[in-house]
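[1] generate a structure from the sequence data that follows.
(4 chains)
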4 protein chains.
Amino acid sequence: MIDVQSQKDQRGISIQKVGIKDLNWPIVVMDRENKTQTTIAKIIAAAELKGDIRGTHMSRFIEAIDELKVVGPKEIEKLLDRIKEKLNSEKAYIRFDFPYFINKRTPVTATLSPLKVDCYFEAEKDQKFDLKVGVIVPVHTLCPCSKEISEYGAHNQRAYVTIEVRMKKFMWIEELVEIAEASASCPLYSILKRPDEKWVTERAYQNPRFVEDLLREVVLKMKEDGRIKWYKVFVESIESIHNHNAFAYIEGEITK
Amino acid sequence: MIDVQSQKDQRGISIQKVGIKDLNWPIVVMDRENKTQTTIAKIIAAAELKGDIRGTHMSRFIEAIDELKVVGPKEIEKLLDRIKEKLNSEKAYIRFDFPYFINKRTPVTATLSPLKVDCYFEAEKDQKFDLKVGVIVPVHTLCPCSKEISEYGAHNQRAYVTIEVRMKKFMWIEELVEIAEASASCPLYSILKRPDEKWVTERAYQNPRFVEDLLREVVLKMKEDGRIKWYKVFVESIESIHNHNAFAYIEGEITK
Amino acid sequence: MIDVQSQKDQRGISIQKVGIKDLNWPIVVMDRENKTQTTIAKIIAAAELKGDIRGTHMSRFIEAIDELKVVGPKEIEKLLDRIKEKLNSEKAYIRFDFPYFINKRTPVTATLSPLKVDCYFEAEKDQKFDLKVGVIVPVHTLCPCSKEISEYGAHNQRAYVTIEVRMKKFMWIEELVEIAEASASCPLYSILKRPDEKWVTERAYQNPRFVEDLLREVVLKMKEDGRIKWYKVFVESIESIHNHNAFAYIEGEITK
Amino acid sequence: MIDVQSQKDQRGISIQKVGIKDLNWPIVVMDRENKTQTTIAKIIAAAELKGDIRGTHMSRFIEAIDELKVVGPKEIEKLLDRIKEKLNSEKAYIRFDFPYFINKRTPVTATLSPLKVDCYFEAEKDQKFDLKVGVIVPVHTLCPCSKEISEYGAHNQRAYVTIEVRMKKFMWIEELVEIAEASASCPLYSILKRPDEKWVTERAYQNPRFVEDLLREVVLKMKEDGRIKWYKVFVESIESIHNHNAFAYIEGEITK
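    Alright, predicted model coming up:
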């Protein structure tokens, strides 16, 4: 059977990424409390394509993915090696987007319930392996301006903090989530009994945060941590007094 | 050229709706302040298909839509008549989903800005013409429980009120939006200067609403109005203390 | 601490559904091949609220959900009973939307790979328990008209078949998926080696299907099956020659 | 009234972008055939925030946007200047995402109908003004491998070509769309009469394109054009034989 993809291409245009997108696939990731957690990823996988070859063999990405064991840094690097080999390419790319559940106890009644945090791993390898880990953490923000200028109350809302890092040393997803939660007006919980609701309401009121404040607190905590060498932070709040959102964005390196 | 769609079908299964979906199309709708407003609709159009005919001629829906003038009740009925005729069908269906802008003045500084409200028209005609008008209004809700049990503050959030009605007498989109806004803890604005922000913060605090309260206030106002014969109300609030939403739903007739 | 939700309400408006929406939660469902499958659901849970009570205790839905074991018909009914009891309501509602993976072998090389199918369970209970099971199956459709009128080729595309049923007797998710796949021009696979790709291309060309054809084939197969008492079928194809979709919709009972 | 945003900030962290997101706003853009076109944008607007200031005055973005006239390169630069001035910032950012309609005649019957193309303008200004224009063009792709290895037929599907450019000289949105359409197996149309459908079916069959082919054809045409200095091309096809997509991505400069 003819291999059309392997035909010579005369156009001489190398393509940086060719591959598959929005492949849904069950995966197992590392979990600080329970060792592993089963979840479902949306996957993008790609390889570089040289300028003189017509096409990529898309099914080989899935064969490479099919051999995956527990998805952690080493396993991701091995996957990229497999893609490079199977696709005969010098550079491979992978991205996993997946929901991750963290069991949290509420502040007063200590009721336990899982909170969903969307996470992602994004990695590339040519000679060097480069991995970024991202978490998108739902939190609560209360507006400092609204509190200050009003006689009572203050507008507040759900917000999402995206923290994306390159690490010097391994960190758990849970640790990145804790940085986001500790920087917000208050963390979120799936279940809140009335004494908990009183606590989170008052805690947020005592702890107002602009998106700018929240972002800066995250950056300070990451600098203190010592295990992060590069970061991107994106905070988006679903403003409760507008029909649009507020956001803040920063990207930087931690050199010391 | 063979007309495959018009072939006889032996399976004898009438299909209630066959048509096109997610067609994007520029339309003009009626506007209380400015007579008309240009917007962009996502359209679903369908017709009933008899059990002995194989298929529908999909391009004819678009020809029927292409003749549309300003989209109001009469124009929608004419469109359904055209679909019935062109498709040789006894029943036709149409749905327009579109963003609609309302210019609003803020409560203190009277600053003018447009607020986007998603709207829809959904209609059917066999012998009888049936039209439903829907608005999805962004508002602010402040939790009565959180306010009551906390020493200061109260969690609040953006919420969306969907009001869908069958009318006895014509009502403007703006009037349905006003019912939703008057029932909430506070309306939303695209722009708020500081004195406005103080006003909306305090107004919401003085005016707490569960999703249940908001829904009931909408129903009371609709009953008073006198022009509505059937309604569906769906309130969804983006709970600021949880990573899930709260909602309330009701459907009913107004007979008197 | 005051219980604001339990206050008397003077407005006298009963609300059909009050509850929580878009709660993400890990669940275990029944799997024909492997007994059980771990997945992640998006959950809506609600209860009826009497006209003289102000609000619902939202956290109790989550307590009820937290006791869930393997999600099947009996377990869903028990969950609704718990909700009715905990919420002191006469009617409870639940909906689970979740991805489900089915391992499939390709037609020629027999390569095994998982295919994601979105599924849902929707149930209500007052005195009577009512359960609907839905599957949204990705398939391939090839246009009979395009094939007939063209000298070579025929436009084809991915389509989604939603089958929703009330059952007289238990059916596996896999069986509903098989009905959808057998009714299409060709099933889909996550991985296809070249001999498989040849097979699916030719199979689809020999087996053209309008959305109307596909829908009718599904209905015929459901009628033959004998275990279904009510159905809703919705077919939507991502037309490859248009920037909008085609669809067909039917709802009916099987009385014999 | 206290200006909390203008307070001194001790954390010393400059933020690259602070602003508003998902603001829906009616805009007017330039149209090659009709001079202007009214559409609805989703807007992101941001400014850089110095390390010693606590927050941004979000309402000023909207005041700056409110003065917009017909949105073209010069008007966008003026908007960024206004944002810099009103926000007292050294760098401003804006992004408009909007649907744009192009009237197209079908190849055989010359039937006229509008096709929706999603477009965006993304711009920044510190000292230098930098503008990128993007179009997301729906097209048809037919698989060369499937055609070659099969006795009849070939799988095909809808695909989306994103072309994003920095220009040396002005180009119309319509011209970027034409580059995408000329590179695909066949363009799309909202309406197709049967002789047109025959034409597009056969045209696609004679003109097979991998995502890699389509991307390379776009790059060749952009290089020939002479008005583009930088580009990003992203092609994504909704594979009709899989439940995932295929994609190709390239970014590059045109120096000559």
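
[2] is stretch A:186-194 up against chain B anywhere?
    Yes - among the residues of stretch A:186-194, A:186, A:188-190, A:192, A:194 lie within reach of chain B under C-beta under 8 Å from any C-beta of the partner chain. (Each C-beta comes from the backbone N, C-alpha and C, glycine too.)

[3] name the residues that touch that stretch?
    Outside stretch A:186-194, the residues within contact range by C-beta atoms under 8 Å, 6 or more residues apart in numbering or on different chains are A:104, A:106, A:108-109, A:111, A:113-115, A:138-140, A:142, A:158, A:181, A:196, A:200, A:203-204, A:207, B:145, B:149, B:241-244, C:1, C:3, C:23, C:59, C:62-63, C:66.

[4] show me those that map onto strands.
    Using DSSP state E, the subset of the contacts of stretch A:186-194 located in strands is A:104, A:113-115, A:138-140, A:142, A:158, C:23.

[5] among those residues, which ones lie close to chain B?
    Applying C-beta under 8 Å from any C-beta to the ones in strands among the contacts of stretch A:186-194, those adjacent to chain B are A:115, A:138, A:140, A:142, A:158, C:23.

[6] what separates stretch A:170-189 from the chain centre, distance-wise?
    Relative to the chain's own centre, stretch A:170-189 is displaced by 12 Å; criterion: C-alpha atoms, centre = their mean, to the nearest Å.

[7] which positions within it qualify as buried?
    Using 16 or more other C-beta atoms under 10 Å in any protein chain shown as the burial criterion, the residues of stretch A:170-189 that qualify are A:171, A:173-174, A:176-177, A:179-181, A:183-189.

[8] which two of those residues have the greatest separation?
    Greatest spacing in the buried residues of stretch A:170-189, by C-beta to C-beta: A:171 and A:185 (23.8 Å).

[9] tell me the residues of the stretch 151-256 of chain A that contact chain B?
    A:151-158, A:186, A:188-190, A:192, A:194, A:197-198, A:200-202, A:204-205, A:238-244.

[10] give me the beta-bridge partners of residue A:165?
    Bridge pairing for residue A:165 (DSSP bridges) gives the partners residue A:133, residue A:231.

[11] now residue A:103
    Under DSSP bridges, the beta-bridge partners of residue A:103 are residue A:114.

[12] show me where the stretch 1-150 of chain A has helices.
    Applying DSSP state H, counting those that start in this stretch to the stretch 1-150 of chain A gives helices spanning A:59-66, A:73-87, A:144-149.

[13] looking at those, which is closest to chain C?
    helix A:59-66 (4.6 Å; C-beta to the nearest C-beta).

[14] is chain C contacted by the closest one?
    Yes - contact of helix A:59-66 with chain C (C-beta under 8 Å from any C-beta) involves A:59, A:62-63, A:66.

[15] buried subset of the residues you listed?
    Buried by 16+ other C-beta under 10 Å: A:59, A:62-63, out of the residues of helix A:59-66 next to chain C.

[16] now the residue nearest the centre of chain A: how far from chain B?
    Taking C-alpha atoms, centre = their mean, the centroid of chain A lies closest to residue A:134, which sits 2.3 Å from it. Here residue A:134 is placed at a distance of 17 Å from chain B (C-beta to the nearest C-beta, to the nearest Å).

[17] does that residue touch residue A:160 like I think?
    No - the criterion here is C-beta atoms under 8 Å, and residue A:134 misses it with residue A:160 at 11.7 Å.

[18] can you list the residues of the stretch 51-200 of chain A near chain C?
    Checking the stretch 51-200 of chain A against chain C by C-beta under 8 Å from any C-beta, the hits are A:59, A:62-63, A:66, A:99, A:101, A:113-114, A:116, A:190-195, A:198.

[19] SS state for the closest residue to chain C within the stretch 151-256 of chain A?
    Going by C-beta to the nearest C-beta, chain C is nearest to residue A:191 of the stretch 151-256 of chain A, at 4.6 Å. Three-state assignment for residue A:191 (DSSP: H, G, I helix; E, B strand; the rest coil): coil.

[20] follow-up on the earlier one: out of the contacts of stretch A:186-194, which are buried?
    A:104, A:106, A:111, A:113-115, A:138-140, A:142, A:158, A:181, A:196, A:200, A:203-204, B:145, B:149, B:241-244, C:23, C:59, C:62-63.
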